[in-house]
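Asks: Build the 3D model from these lines:
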Amino acid sequence: MAVNSNDYRVLRIPAERSVDVSDVVRLGDKNRKTLGFLPHSGYAEAAERRHIVIATSTDGSLAGYCLYAPTRTYVRIVHLCVDNQHLGRDLARRMVECVDELNPQSSGLRLKCRRDWPSYEMWPKLGFRPRTDVAGRSAAGHLLTVWWRAAASEMDLFSVQAHQSDVPLVAIDSNVFSDLHSTRADREGRFSGAVALLAGDSQIQLALPSSVPAELNRTADDVVRRRLLDCTASYPVLPVDEQAVSEAHADLLAYVDIDVLTRDASLKNDSRLIVEAALGGADVYITRDVNTVRHLGGRALDVHGIAVLDPTELAAFLHRREFDSNYLPARLQETSYEVSSGDHSLWSSRAVDALLNNAASERRAAFSERIRSIAELSAADMKRSLLLDPRGEVVAAWATRRSNNGRIEVPLLRVSDSPLATTISRQLLYLLRNDLPDHSSTAIRITDPHPSATVVASMQTEGFSRTPNSDWAATSLTVCGDWATVRAAALAAHAPEVPSEALPNTMQVAELEKAWWPVKINDAELPTYVVSIRSNFAYDLLGHTTTLLTRPTTLGLSRENVYYRAARTKQEAPGRILWYSSRVDKAIVAYSRLVETGIGSPETLFRQFKRLGVWDLDTIRRSANAANEVAFLRFADTEIFKCPVGLDDVRRLSAGHVTLPSLQPVKISNKLFTLLYQKGRGIDQLR
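Replies: Below you'll find the model as predicted:
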């Protein structure tokens, strides 16, 4: 007589011990080689606390068990074991789901498993996803993969929020994910630049189909695999129903010609990923696989309403949807965009001619004459630049020169109309501020009579003001000094509305450091903190890495963002942050303006700042204290240091001031801030 899963009972170990814990111990000892050693007292304590789920057969004998240890935020799976004679009955899944149901306050289940054990391939089938690799405690130091299974309540909550989002939910396959996060030279800047640009400022929300983490976990190189898995922590993984996926997967494949499937067997896996994305709520699925787009895209759009696109098609797709283009801090050089001075023929091309501002009734003859005069000047007189997209098309043109009084004049500033027009406009405005040598101060004046409309809109939000003769002007001071020094520099640069000699108050200083960015007034009472951040979050939040999603030093680009932490100490805003990247870098790598601080529940803060942060709700919850409170730091205008301040220098410079580094944010003096900031900028000062 056949025995199926329903003939077994799965339940929490009874308090009256109708099942002897010695049976659990015997089964555990029998499989000690793969389960690992656990003292018998450990079994007894787990049974006493009823932290064991058991599976029993029809005769009441033990078929399997799951021993677990709840923590404050998650449940750790210690053992999951099914007796050999009861395999194939779906008992492992049922026991895992029982543990999940018994711990409704948990954010998920966590376990570690050696990569070379037979059970390794089982975890994805039970809903677990790889998070990272860690070294084991054995003498051989075998690698252990950390597996994570989000609680059902967490997945349901994300699914609702994803559908309520006002930006497209974009699922990416493992190749595109690797493009975005790998540091390998053969990937750097070659493939998925458009995705990086559009993700940078939440024009899209990126997510992973359910199977992608398991695919990344098959990466052979230990270092690359660990980095990729670490990066998945900041991505939501789309929840799906396995039965629904199987049915939809078969339906999608049924419309692919058998000869095509024979030639390209990978389409079977690709079709599953598309279905996972569609049923998980994604609007778009991005892949570089040409056959996937060609053979599966049409059917996926017809049946599931999901667009299957190559990365290069994403911007145009969003443009067709009339999606608003916002500021995207991303690295043009690493997304196949190229800044070139251009030769005379390129400046005379139709592509540049297309930058004529018809909307402002600009005369073609006047525009051509302006372009011709700029092109004919020598490089010593005029620095001229063209921005070329990955296809080599001109998407922006600008020119700068330093006048006799030291000001920066911009006689040309044009950006072509595209989904990324506002992004590029604001990048160029930051470039004008950042492209100054240290210790210099200047007024920047846009003298182009017909700048592009997106440029005008961006200037209004970037601290530029209209002058009486219809130019646009802003002040940029690279000074880090006391108020007297900064004020003198501002007056020399003819900055408008310079305050009196009296030291401004905290709010005024914060506004001046924003308006005259990147100035630093180091004798002001502006709270300054050194905040430790894990390296993988430094990559995502600050852009401190040489990957596709980086925010570069050369463009000085920054965006507003939010960092969450445990609510143990309170910081004051406005203020400043120096970011210490721990683990990998072990250095102070960046500076940001601290805009706002506060405390709230993970759910409230996630809803409030979901367009700003890169953390998902699960990650935020893991930072909560016992009262379910999380602190947040909202920051902006991040400067990536060209000379990160290493651990030895941090300790040397902070000696006698405070103890650095620290897991908690540390308030520092103006003197120490100046030492650290100047060293990060490459302007080393002796103590």
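
Asks: CA atoms for contacts and neighbours, from now on please.
Replies: OK.

Asks: Please pull up the helix or strand immediately following the helix or strand of the chain with the lowest mean pLDDT.
Replies: Across the helices and strands of the chain, mean pLDDT, DSSP states H and E gives its lowest value to helix 152-164, namely a mean of 42. Next helix or strand after helix 152-164 toward the C-terminus (DSSP states H and E): strand 169-172.

Asks: what is the rounded mean pLDDT of the next helix or strand after that next one?
Replies: Sequence-wise, the next helix or strand downstream of strand 169-172 (DSSP H and E) is helix 174-181. Helix 174-181 shows a mean pLDDT of 87.

Asks: name the helices or strands packed onto helix 174-181?
Replies: helix 212-216, helix 222-231 (3 or more Cα pairs under 8 Å, 6 or more residues apart in numbering; DSSP states H and E).

Asks: CA-only coordinates of the following helix or strand past the last one, as PDB, when you get a sec.
Replies: Once the chain leaves helix 222-231, the next helix or strand it forms, by DSSP H and E, is helix 242-253. Presented in PDB, the C-alpha positions along helix 242-253 are these (Å, rounded to 0.1, in the frame of the first residue of the first chain):
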ATOM      1  CA  GLU A 242       5.400  27.100  -6.600                       C
ATOM      2  CA  GLN A 243       2.400  25.300  -8.000                       C
ATOM      3  CA  ALA A 244       1.300  28.400  -9.900                       C
ATOM      4  CA  VAL A 245       4.800  28.800 -11.300                       C
ATOM      5  CA  SER A 246       5.000  25.200 -12.500                       C
ATOM      6  CA  GLU A 247       1.700  25.500 -14.300                       C
ATOM      7  CA  ALA A 248       2.500  28.900 -15.900                       C
ATOM      8  CA  HIS A 249       6.000  27.700 -16.800                       C
ATOM      9  CA  ALA A 250       4.600  24.700 -18.700                       C
ATOM     10  CA  ASP A 251       2.100  27.000 -20.600                       C
ATOM     11  CA  LEU A 252       4.800  29.400 -21.600                       C
ATOM     12  CA  LEU A 253       7.100  26.700 -22.900                       C
END
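
Asks: list the buried ones in helix 242-253?
Replies: 245, 248-249, 252-253 (16 or more other Cα atoms under 10 Å).

Asks: Remind me what it packs against, helices and strands.
Replies: helix 266-279, helix 290-304.

Asks: what does the average pLDDT come to for the longest one?
Replies: Put plainly, it is helix 290-304. Across helix 290-304, pLDDT averages out at 82.

Asks: Which strands and helices lie in contact with it?
Replies: By 3+ Cα pairs under 8 Å, 6+ apart, helix 290-304 packs against helix 242-253, helix 266-279, strand 307-309.

Asks: Give me the buried positions along that helix.
Replies: Those would be 292-293, 295-300, 304, for helix 290-304 by 16+ other Cα under 10 Å.

Asks: Let's verify residue 470: helix, strand, or coil?
Replies: Judged by DSSP: H, G, I helix; E, B strand; the rest coil, the three-state class of residue 470 is coil.

Asks: who touches it in this structure?
Replies: residue 449 (Cα atoms under 8 Å, 6 or more residues apart in numbering).

Asks: pLDDT at it, what is it?
Replies: Residue 470 carries a pLDDT value of 84.

Asks: likewise residue 509?
Replies: 90.

Asks: helix/strand/coil for the residue nearest to residue 592 when sequence neighbours are not counted?
Replies: Leaving aside its chain neighbours, residue 592 sits nearest to residue 638 (4.3 Å; criterion: Cα to Cα, 6 or more residues apart in numbering). Here residue 638 is strand, with the state taken from three-state DSSP.

Asks: from what I can see residue 638 touches residue 589, true?
Replies: No. Using Cα atoms under 8 Å as the test, residue 638 is too far from residue 589 to be in contact (10.3 Å).

Asks: which residues of the stretch 1-150 of the chain fall in strands?
Replies: Counting by DSSP state E, counting those that start in this stretch, the stretch 1-150 of the chain has strands at residues 9-12, 52-56, 62-70, 75-82, 108-114, 129-135, 143-150.

Asks: Pull the residues that contact the first one.
Replies: It refers to strand 9-12. By Cα under 8 Å, 6+ apart, strand 9-12 touches 50-58, 91, 94-95, 98.

Asks: If the nearest residue to residue 452 once chain neighbours are set aside is in a bridge, with which residues?
Replies: Spatially, and ignoring its direct neighbours in sequence, residue 452 is nearest to residue 414 (5.2 Å; Cα to Cα, 6+ apart). Applying DSSP bridges to residue 414 gives these bridge partners: residue 397.

Asks: Tell me which residues touch residue 414, please.
Replies: Residue 414 is in contact with 355, 396-398, 451-452, 455, counting by Cα under 8 Å, 6+ apart.

Asks: Could you do residue 124 as well?
Replies: Contacts of residue 124 (Cα under 8 Å, 6+ apart): 211, 214.

Asks: if we go to 6 Å?
Replies: Not one residue lies near residue 124 by Cα atoms under 6 Å, 6 or more residues apart in numbering.

Asks: From residue 102, how far off is it?
Replies: Using Cα to Cα, to the nearest Å, residue 124 is found at 21 Å from residue 102.

Asks: for residue 677, same thing?
Replies: The gap separating residue 677 from residue 102 is 50 Å, by Cα to Cα.

Asks: Compare the two and say which one has the larger neighbour count.
Replies: Taking other Cα atoms under 10 Å, residue 677 and residue 102 do not tie; residue 677 has more neighbours (24 against 14).

Asks: and the more buried one, backbone torsions?
Replies: Dihedral pair for residue 677: phi -70, psi -50, per degrees, to the nearest 10.

Asks: What is the burial count for residue 256?
Replies: Residues lying near residue 256 (other Cα under 10 Å) number 15.

Asks: Make residue 1 into 5 and carry on from there
Replies: From this message on, residue numbering opens at 5, which makes the last subject residue 260.

Asks: Name the helix or strand for it, please.
Replies: Going by DSSP H and E, residue 260 is not in any helix or strand.

Asks: contacting residues for it?
Replies: Going by Cα under 6 Å, 6+ apart, the list of residues near residue 260 is empty.

Asks: Roughly how far does it sit from residue 298?
Replies: 10 Å.

Asks: for residue 419, same thing?
Replies: 33 Å.

Asks: ok, now residue 651?
Replies: 51 Å.

Asks: rewinding a little: tell me which of the helices and strands packed on helix 246-257 lies nearest to residue 465.
Replies: Nearest of the helices and strands packed on helix 246-257 to residue 465, taken as Cα to Cα: helix 270-283 at 36.5 Å.

Asks: Would you map the helices across the stretch 355-504 of the chain?
Replies: For the stretch 355-504 of the chain, the helices defined by DSSP state H, counting those that start in this stretch occupy 368-380, 425-438, 457-465, 487-496.

Asks: Same list as before, those that is, but in CSV and with distance to residue 117, mean pLDDT and mean neighbour count included.
Replies: As requested, the helices of the stretch 355-504 of the chain are exported to CSV (distance: least, Cα to Cα, whole Å; pLDDT from 0 to 100; neighbours: other Cα atoms under 10 Å):
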stretch, distance to residue 117, mean pLDDT, mean neighbour count
helix 368-380, 63, 83, 15
helix 425-438, 44, 78, 22
helix 457-465, 51, 85, 18
helix 487-496, 58, 92, 17
